[in-house]
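> with the sequence up front, the predicted model follows.
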Amino acid sequence: MLSTVNTPLLTCKDLRVHFPVRGGVMLRQTGAVHAVDGVSLSIQPGETLGLVGESGCGKSTIGKALVRLLKPTSGSIHFQNTDITHASQRALRPLRRDIQMIFQDPAESLDPRMSVRSIIEEPYVIHGLGTRTERVQWVNEMLDRVGLPASSAERYSFEFSGGQRQRIGIARALALKPKLIVCDEPVSALDVSVQSQILNLLVELQKDFGLSYLFIAHDLSVVKHVSDRVAVMYLGKIVELASSDAIYQNPRHAYTEALLSAIPSTDPKERREKILLEGDVPSPIDPPAGSAFGHRMNHPLYEETIGEEMPLKEISPEHWVTADPCCISKEDWNHLRSKASR
Amino acid sequence: MSASTENILEVEQLITSFETDHGLLRAVDHVSFSVPEGKTVGIVGESGCGKSVTAMSIVRLLPQPSGKILGGHVYFKGQDLTRATDAEIRRVRGVEIGVIFQEPMAALNPVHRIGKQVSEIFRIHKKISKKDAWTAATDMLDMVRIPAPEKRMMDYPHHLSGGMRQRVVIAMALACRPALVIADEPTTALDVTVQAQILELMKGLQSEMGMSTILITHDLGVIAETCDDVVVMYAGRVVEKASAEALFANPLHAYTKGLLNSIPRLDTPSKSILHTIPGMVASLENYSHGCRFCQRMGRTSPLTRERPRSIEVSPGHWVENCIECYQP
C-alpha cells in the first residue's frame, strides 16, 4: 500500500502501457515501446500528486491511461473502488463527470470553430444537464470563476492569448465539478508572468472545490510548488515518491538529485553542485535489462541489477524509492536490505 | 560615435519594424547595448518582447521583405552592419558571427547527412578540398563532445537525439571560429539535464575559443548561471540592463522585479500564492508611445505618456526612467 491515510480517490497498480512497434513487409509486431512499465500510485481526495520526468519518460501516457483515453496493457486502475481498467466507453461515461483533463497546448485542445460558450457548455450538453437558460448561467459562472469577463463567451478561442486560452481550458474541465483533474503540462507553454497567474488559479480552485490534481510537468520547481507529493519518473517507472518537501530537501534517488541540480536558479544560495549526466535517456523500445539509470551512469553495480526486480520501498515514512543499488546511497541500500531480511 | 575597442559589438538606438496590414509596426524600439569581448550577454524577456528580432537584426536575418531596420547602428568590430552590403554581411555571418537557433531540427536539413552539412561550411567559407573539409568537420563534432564523431558524420539528423542535434548545430555555428556567437533560446527545446550539458559545453567552448556570446532566453535561471551582463526587454524596449550580479541582487525596474518574483522557487512553501504581473503584454499594433509596462498595469498618468529615457543609476546599471516603474 502506498498510502494508508484514508480511501484514495484513484489508485493504479502495476500499470503497464506498451505500444506495439511494427516492421517488416507484413507489418508484424517486432517490438514494443514500454512507455509505462509497472507504475503503482494513489491519489487522495483533495491532494495534488505531481508527476515529473524528462520527455519520453511516460508521464503523459500515465495521465492518459488514468482517464482511460488509452487502454492499459496490464495492471489495474480503480476510481473510488470501481475497477475502470477495462470499462467500456459506455460504462466510462458517468465517470467522465468525475475525471477531467487540462492539456498543455490550449490552442490545440480548443476547437477554433466553437465559441467559448459552446466549448464550456458542451460537457453539460453531453451529459444532459440543465435547461438552456440554466446552462447559459452556468457558463457565465464558470467564466467568472476562472477570471474571464462574461463578454468572452461569444468570442472564439483564437482571439485570446495563451494564458486566457488556458483559463478557457480550465473552465471546460471544471464545468462538471469533477473530483479529479489530470493536468498535463498546463503551464509549460506559457510565459513566466502568466504561468504564475495560472498556477495561483489552480491552487485557488483546488481549495474552493476540494479538487484532486494529477499534475504532470517537466519543470521540477513548478511541480514542487503545486504538489503535496511528487513522483519522479524515469523510463516508464517511478523511481522516487515522497512529499514535495522531502523530495526537495532530501532526495534519495540519484536521478532526483541530478534533476534538482540541473535546475538553473536565479539565487546563488539555491544552486546545487551540478551533477552532469552523460548521454541521453535510453530508448523505451529496448530498455536496459537492469537499472535504467545505472545504465546511463555506467554504474559499476549495473551488472548486478540485470534481471532484478527493483520495487519501490519505503525508506522513511511516506518516502518511497526504488531498491536500486546503483541509484541510492550505501546506507539506504543496507537499510532496505536489513529491513527486508527482518 | 565610433565603437570602442573593448566592445566587440555595440548596438545603438536600433529600430526594427515590420510592414503589416496594420501599417509599420516597431518590434524593436531604440534598443542599445554592447557586448564586451569574451563576455556573455543575456537578453531576457517574455515571448514577443523583441529579443529574437533584436538578435536577427544584428546579422540582418529578418523576414523579407517585411522586416526593416529603420534606425540606429550595429557596430561589429567597428564596422556598421546596418550599412554593410549584402556581400559584406554574408562574409560576417557564419564566419565572424555564428548563430545557434532554438529548434535544431529546423536548423538542420533532414535529407543530408550530418557530415555533409557540417563540412559544407568549411567548403563555402574556407574554400578547402572536400577531404580536408570532412576531416575538419569530424574534428568539430569531436570538439562539441559528440561520441564516435566519424560514425555520426554518416548519420541523418533524425538519427540523433535532441541534445546531440543541438551539439551539431553548435559545431556548425563555431566551425569558422567566430568572434561572436548569437544563441537564440539554444536549450529551450531540451530537457533540464540535457540543458545543463549544453550550457556547460558552451561555457567550456567559450573559454577555449575566447569568443563573445549573446544568449537569448526567457529563463532567468539560465541567465543567472551563464551570463556576465543582462539586458531585460519588455515590449520592444530595453527596460533595464546591468551586470548579472547587480541585476539579480538589486533589480530596479518594476518589470524585472515582477518577473523575478513570479518564478516558483524550490524553497517557497508549496501552494503559496505566487506573485503575478496582472494583465498581459500588449500586442504590437497596440503599443503605446509612453511607458509600456505602465500600459500593462493600466496606469494612465500623463507622466507616463512620453517614451522613458534610460538613465545610468550606478556604473553599468541602466534603467528606463519611468516615474511609476522605477522608484529610486
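Noted; the coordinates are in hand.

> near chain A at all, stretch B:150-157?
No. If you take CB under 8 Å from any CB of the partner chain as the test, stretch B:150-157 misses chain A, and the best it gets is 13.4 Å. Every C-beta, even on glycine, is put in place using the N, C-alpha and C of the backbone.

> mean confidence for that stretch?
Mean pLDDT, stretch B:150-157: 94.

> can you show me the CA trace of it as PDB?
What follows is stretch B:150-157, C-alpha atoms only, in PDB (Å, rounded to 0.1, in the frame of the first residue of the first chain):
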ATOM      1  CA  GLU B 150      33.300   9.500 -37.600                       C
ATOM      2  CA  LYS B 151      30.200   7.400 -37.200                       C
ATOM      3  CA  ARG B 152      27.900  10.300 -36.500                       C
ATOM      4  CA  MET B 153      29.100  12.100 -39.700                       C
ATOM      5  CA  MET B 154      27.300   9.400 -41.700                       C
ATOM      6  CA  ASP B 155      24.000   9.800 -39.800                       C
ATOM      7  CA  TYR B 156      21.000  11.900 -40.700                       C
ATOM      8  CA  PRO B 157      19.600  14.400 -38.300                       C
END
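
> same question for that stretch: list its buried residues.
For stretch B:150-157, a neighbour-count test (16 or more other CB atoms under 10 Å in any protein chain shown) marks B:152, B:153, B:155, B:157 as buried.

> from residue B:151, how far off is the residue nearest to the second one when sequence neighbours are not counted?
Of all residues not flanking residue B:153 in the chain, residue B:115 sits nearest, at 3.3 Å (CB to CB, 6 or more residues apart in numbering or on different chains). According to CB to CB, to the nearest Å, residue B:115 and residue B:151 sit 10 Å apart.

> next, the contact list for the residue nearest to residue B:153, please.
B:134, B:137, B:138, B:153, B:154 (CB atoms under 8 Å, 6 or more residues apart in numbering or on different chains).

> now the buried residues of stretch B:150-157 as JSON lines including secondary structure?
Shown next, in JSON lines, are those (DSSP: H, G, I helix; E, B strand; the rest coil):
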{"residue": "B:152", "secondary structure": "helix"}
{"residue": "B:153", "secondary structure": "helix"}
{"residue": "B:155", "secondary structure": "coil"}
{"residue": "B:157", "secondary structure": "helix"}
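
> quick one: which of these is nearest chain A?
Taking CB to the nearest CB as the measure, chain A sits nearest to residue B:152 out of the buried residues of stretch B:150-157, at 13.4 Å.

> skipping its backbone neighbours, what lies nearest the closest one in space?
Using CB to CB, 6+ apart, the nearest residue to residue B:152 is residue B:146, at 5.4 Å.

> in three-state terms, label that neighbour for me.
Strictly by three-state DSSP, residue B:146 counts as coil.

> just the pLDDT at it, thanks.
At residue B:146, pLDDT is 90.

> what about it, how many residues nearby?
Look at residue B:146: counted by other CB atoms under 10 Å in any protein chain shown, it has 22 neighbours.

> residue B:170 versus that one, what's the distance?
Distance, residue B:146 to residue B:170, by CB to CB: 10 Å.

> backbone dihedrals for residue B:252, please?
Dihedral pair for residue B:252: phi -110, psi -40, per degrees, to the nearest 10.

> I'd say it and residue B:326 touch.
Yes. Residue B:252 is in contact with residue B:326 according to CB atoms under 8 Å; the separation is 5.7 Å.

> neighbour count: these two, which is higher?
residue B:252 (25 against 21).

> roughly how far apart are that one and residue B:317?
From residue B:252 to residue B:317 the distance is 7 Å (CB to CB).

> where do the contact lists of the two overlap?
B:240, B:242.

> which helices and strands sit right next to the helix-or-strand element of chain B with minimal mean pLDDT?
Ranked by mean pLDDT, DSSP states H and E, the weakest helix or strand in chain B is helix B:104-107, scoring a mean of 84. With contacts taken as 3 or more CB pairs under 8 Å, 6 or more residues apart in numbering or on different chains; DSSP states H and E, helix B:104-107 sits against helix B:162-174.

> what sits against the residue in the stretch 151-300 of chain B that chain A sits nearest to?
Proximity of the stretch 151-300 of chain B to chain A (CB to the nearest CB) peaks at residue B:221, 3.2 Å away. Applying CB under 8 Å, 6+ apart to residue B:221 gives the contacts A:263, A:264, A:265, A:266, B:263.

> how about 10 Å then?
When contacts are counted by CB atoms under 10 Å, 6 or more residues apart in numbering or on different chains, residue B:221 touches A:221, A:263, A:264, A:265, A:266, A:267, A:270, A:271, B:192, B:195, B:263, B:265.

> with residue A:256 instead?
A:52, A:220, A:230, A:232, A:234, A:239-240, A:242, A:247-248, A:250, A:293, A:321, A:327.

> state the pLDDT value of the residue of the stretch 151-300 of chain A found nearest chain B.
When distances are taken as CB to the nearest CB, the stretch 151-300 of chain A reaches nearest to chain B at residue A:264, 3.2 Å away. Residue A:264 is assigned 87 on the pLDDT scale.

> give me phi/psi at the closest residue to it other than its chain neighbours?
What sits nearest to residue A:264 in space, not counting adjacent residues and going by CB to CB, 6+ apart, is residue B:221, at 3.2 Å. As for residue B:221, its main-chain torsions (degrees, to the nearest 10) stand at phi -60, psi -40.

> same question, residue B:52
With angles defined as degrees, to the nearest 10, residue B:52 sits at phi -70, psi -40.

> now do the helix-or-strand element of chain A with minimal mean pLDDT: everything it contacts.
Ranked by mean pLDDT, DSSP H and E, the helix or strand of chain A with the weakest confidence is helix A:106-109, at a mean of 84. Helix A:106-109 is contacted from outside by A:101-103, A:119, A:157-158, A:160-170, A:172, A:184, A:186, A:189-190, using CB under 10 Å, 6+ apart.

> mind listing what's buried in it?
Buried residues in helix A:106-109, defined by neighbour count with 16+ other CB under 10 Å: A:106, A:107, A:109.

> quick check: neighbours shared by residue B:115 and residue B:151?
Contact criterion CB under 10 Å, 6+ apart; residues bridging residue B:115 and residue B:151 by contacting each: residue B:141.

> buried ones in the helix ranked longest in chain B?
Longest helix in chain B, counting residues (DSSP state H): helix B:192-209. Within helix B:192-209, the residues scored as buried using 16+ other CB under 10 Å are B:192, B:193, B:194, B:195, B:196, B:197, B:198, B:199, B:201, B:202, B:205, B:206.

> contacts only, for the nearest residue to the third one once chain neighbours are set aside.
Spelled out, it's residue B:194. Leaving aside its sequence neighbours, residue B:194 sits nearest to residue B:163 (CB to CB, 6+ apart; 3.9 Å). Listed by CB under 10 Å, 6+ apart, the contact set of residue B:163 reads A:279-281, B:104, B:146, B:187, B:189-191, B:193-195, B:197-198, B:201.

> of all those residues, which comes closest to residue A:202?
residue B:191 (23.4 Å; CB to CB).

> hang on, the closest one packs against residue A:234?
No. With contact defined as CB atoms under 10 Å, residue B:191 does not reach residue A:234; the gap is 11.5 Å.

> shared neighbours, the two?
The contact sets of residue B:191 and residue A:234 overlap at A:53, A:54, A:57, A:259, A:281 (CB under 10 Å, 6+ apart).

> widest-spaced pair of the residues you listed?
The most widely separated members of the shared contacts of residue B:191 and residue A:234, counting by CB to CB, are A:259 and A:281 (11.8 Å).

> which residues do the two both contact?
With CB under 10 Å, 6+ apart as the test, residue A:259 and residue A:281 both reach A:53, A:54, A:234, B:191, B:193.

> could you identify which of those residues has the most neighbours?
The most neighbours of any of the shared contacts of residue A:259 and residue A:281, using other CB under 10 Å, belong to residue A:53, which has 28 neighbours.

> contacting residues for that one?
Counting by CB under 10 Å, 6+ apart, residue A:53 touches A:59-60, A:62, A:216-218, A:220, A:223, A:231-239, A:255, A:259, A:281, B:191.
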